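>>> curious how this folds, go ahead:
(one chain, ligands or ions: 2)
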Amino acid sequence: MKTHKIGIIMNGVTGRMGTNQHLIRSIKAIIDQGGVKLSDDEVIMPDPVLVGRSEAKLKALAARVGVTRVSTNLDAELAKPDNQIYFDSTLTGQRPMGVRKAIAAKKHIYCEKPTATTSKEALALADEVVAAGLKNGVVQDKLWLPGLVKLKWLIDQGFFGKILSVRGEFGYWVFTGEHEKLQRPSWNYRKEDDGGIIVDMVCHWQYVIQNLFGDIKSLTCLGATHIPQRWDEAGKPYKCTADDSAYATFELKNGVICHFNSSWDVRVDRDDLLTLQVDGTHGSAVAGLRDCKAQALAATPRCVWNPDIDSSIKYKDGWVRVPDQGFYDNAFKIQWELFLKHVVTGSAFPWSLHEGAKGVQLAEVALDSWAQRRWLDVPALK
Ligand SMILES: NC(=O)C1=CN([C@@H]2O[C@H](COP(=O)(O)OP(=O)(O)OC[C@H]3O[C@@H](n4cnc5c(N)ncnc54)[C@H](OP(=O)(O)O)[C@@H]3O)[C@@H](O)[C@H]2O)C=CC1
Ligand SMILES: O=C1CO[C@H](CO)[C@@H](O)[C@@H]1O
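Ligands and ions are numbered 1, 2, ... in the order given. Sure, this is the predicted structure:
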């Protein structure tokens, strides 16, 4: 058996995403399954080093997960030739600094979204990594959610006929922290720390829309900070300076209209924390994170508006569940496996830093639209 051992510097691994999605559910899960199989006699085996600023935190995490290498010295890890990949899930504002150091050290780059806080910076990083001839990628996890995979399958089959519109509803109630344990880090609600739901979520909507429905021509976005005060990790009240809700409409070049509501101030009365309803001339579907239900034209009830009587139609009964097509692995893990294969074999990996920059740009245009209170075109990223 030929084993390609790949050292991976995991910077920001002590954070929520770094620990749960990237270390435990991706890299550790890949190690536990015996690596990424290339053929019957060839395998890729990740060898992570957990990097951060608190040695105690890193050691505790390593012991919990069963990893041996930890370090608080990023430069020393970058100097080691066996560490071939630099992965970054630190705070968004920290990302360009770490990525640039790793480019200088000739490491392949994989990182969380958003890749930077401005499109200028995101594009510069994308250009620098290409100029250095390094493989690179950005997390676009929603593409591998089972619900969205099923939706894509319906699109590819032509189930919808002509797609007319898409309604994305994302969000849940995030407790203020006054009386409850925090669900999300407090920096998410402070603009000065690169927080805000537009920066956080619009980059997801960019790649979801582009990959499933088409290229975005223009948008309008209204943001809001509905909750002006929250309580931080230390239980101290702070002023919320970042948007916690966004109401955005995207017009695509092919005429499809997509409207996405994103909010941390809504209570959930839907099948999932993210639902996407797609309506087309021949059918409709509603995808959640894992499931997807569909209604074909032939099964569409004849609705008649009459608020004076109870409806004889049970609207929710007219949908069928799109069946599973096999086992759906963790979305982050699937993308990690594809990236590792890309690094070792050169296989295709289109989810590059350049693609990530498009997400940063869309969030930037959305913020501008909100500030200017008008529709804005989304220029092609050079
Ligand atoms: N793809 C997706 O679905 C999601 C992506 N994200 C993205 O992932 C990134 C991390 O988010 P999340 O895990 O929620 O954040 P956390 O606050 O939980 O984690 C932040 C990480 O960055 C480290 N860090 C914080 N400040 C500094 C600093 N000054 N210098 C160096 N390291 C620092 C922290 O280290 P320490 O432990 O020492 O404090 C920690 O490891 C963000 O860019 C976010 O946009 C977030 C949520 C979902
Ligand atoms: O995709 C995601 C799921 O939700 C979170 C927001 O509540 C985001 O931070 C994240 O990027």
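
>>> around ligand 1, pick out the residues from the stretch 51-200 of the chain.
Proximity of the stretch 51-200 of the chain to ligand 1 (CB under 6 Å from any ligand atom) is limited to residues 52-54, 57, 89-92, 94, 112-114, 139, 141, 185, 200. (C-beta placed from N, C-alpha, C; glycine too.)

>>> you'd agree Ala380 is in a helix?
No. Ala380 sits outside any helix when classified using DSSP: H, G, I helix; E, B strand; the rest coil, being coil.

>>> can you pull the contacts of it?
Contact analysis of Ala380 by CB atoms under 8 Å, 6 or more residues apart in numbering lists nothing.

>>> got it, and Lys382?
Contact partners of Lys382, counting by CB under 8 Å, 6+ apart, are Leu123.

>>> and if you look at Arg184?
Arg184 sits next to Arg16, Val174, Trp264 when contact means CB under 8 Å, 6+ apart.

>>> pull out the buried positions in the host helix or strand of Gln335.
Here Gln335, judged by DSSP states H and E, is contained in helix 331-345. In terms of neighbour count (16 or more other CB atoms under 10 Å), helix 331-345 has its buried residues at 331-344.

>>> thinking again about what came up before, narrow the residues of the stretch 51-200 of the chain next to ligand 1 to just the buried residues.
Buried by 16+ other CB under 10 Å: Gly52, Lys57, Ser89, Thr90, Leu91, Thr92, Glu112, Lys113, Pro114, Val139, Asp141, Asp200, out of those.

>>> which of those sits closest to Ala299?
Using CB to CB, the shortest approach to Ala299 within these belongs to Asp141, at 32.0 Å.

>>> the nearest residue to the closest one once chain neighbours are set aside and ligand 1: what is the separation?
Using CB to CB, 6 or more residues apart in numbering and skipping the chain neighbours, the partner closest in space to Asp141 is Ala331 (4.3 Å). Applying CB to the nearest ligand atom, to the nearest Å, the value for Ala331 to ligand 1 is 9 Å.

>>> my guess is Ala331 contacts Gly147, does it?
No. Applying CB atoms under 8 Å, one finds Ala331 not in contact with Gly147, separated by 10.4 Å.

>>> what is whichever strand or helix holds Arg100 packed up against?
Using DSSP H and E, Arg100 maps to helix 95-104. Counting contacts by 3 or more CB pairs under 8 Å, 6 or more residues apart in numbering; DSSP states H and E, helix 95-104 is packed against helix 74-78, strand 83-88, strand 108-111, helix 119-131.

>>> dump the ones you listed to TSV, plus mean neighbour count.
As requested, those are exported to TSV (neighbours: other CB atoms under 10 Å):
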stretch	mean neighbour count
helix 74-78	17
strand 83-88	26
strand 108-111	26
helix 119-131	19
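
>>> kindly reformat these as TSV containing mean pLDDT.
Formatted as TSV, the helices and strands packed on helix 95-104 follow (pLDDT from 0 to 100):
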stretch	mean pLDDT
helix 74-78	98
strand 83-88	98
strand 108-111	98
helix 119-131	97
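
>>> Serialize the ones you listed to JSON lines and add fields for distance to Ile163.
Below are the helices and strands packed on helix 95-104 laid out as JSON lines (distance: least, CB to CB, whole Å):
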{"stretch": "helix 74-78", "distance to Ile163": "45"}
{"stretch": "strand 83-88", "distance to Ile163": "35"}
{"stretch": "strand 108-111", "distance to Ile163": "32"}
{"stretch": "helix 119-131", "distance to Ile163": "28"}
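
>>> follow-up on the earlier one: I'd like to know which of the buried ones among the residues of the stretch 51-200 of the chain next to ligand 1 are part of helices.
Residues of those located in helices (DSSP state H): Lys57, Asp200.

>>> need the buried ones among the residues of the stretch 51-200 of the chain next to ligand 1 in TSV (columns: pLDDT).
Shown next, in TSV, are these (pLDDT from 0 to 100):
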residue	pLDDT
Gly52	97
Lys57	98
Ser89	98
Thr90	97
Leu91	94
Thr92	92
Glu112	98
Lys113	97
Pro114	96
Val139	98
Asp141	98
Asp200	96
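
>>> nearest to Gln295, of the buried ones among the residues of the stretch 51-200 of the chain next to ligand 1?
Asp141 (27.5 Å).

>>> ok, that closest one - contacts?
Shown in contact with Asp141 (CB under 8 Å, 6+ apart): Gln21, Ala331, Phe332, Gln335.

>>> which strands or helices does the helix or strand harbouring Tyr207 pack on?
With elements taken from DSSP H and E, the one containing Tyr207 is helix 197-212. Helix 197-212 sits against helix 146-157, strand 163-171, strand 216-224, strand 245-252, strand 257-263, helix 353-372, with contacts defined as 3+ CB pairs under 8 Å, 6+ apart.

>>> thank you kindly, that will do.
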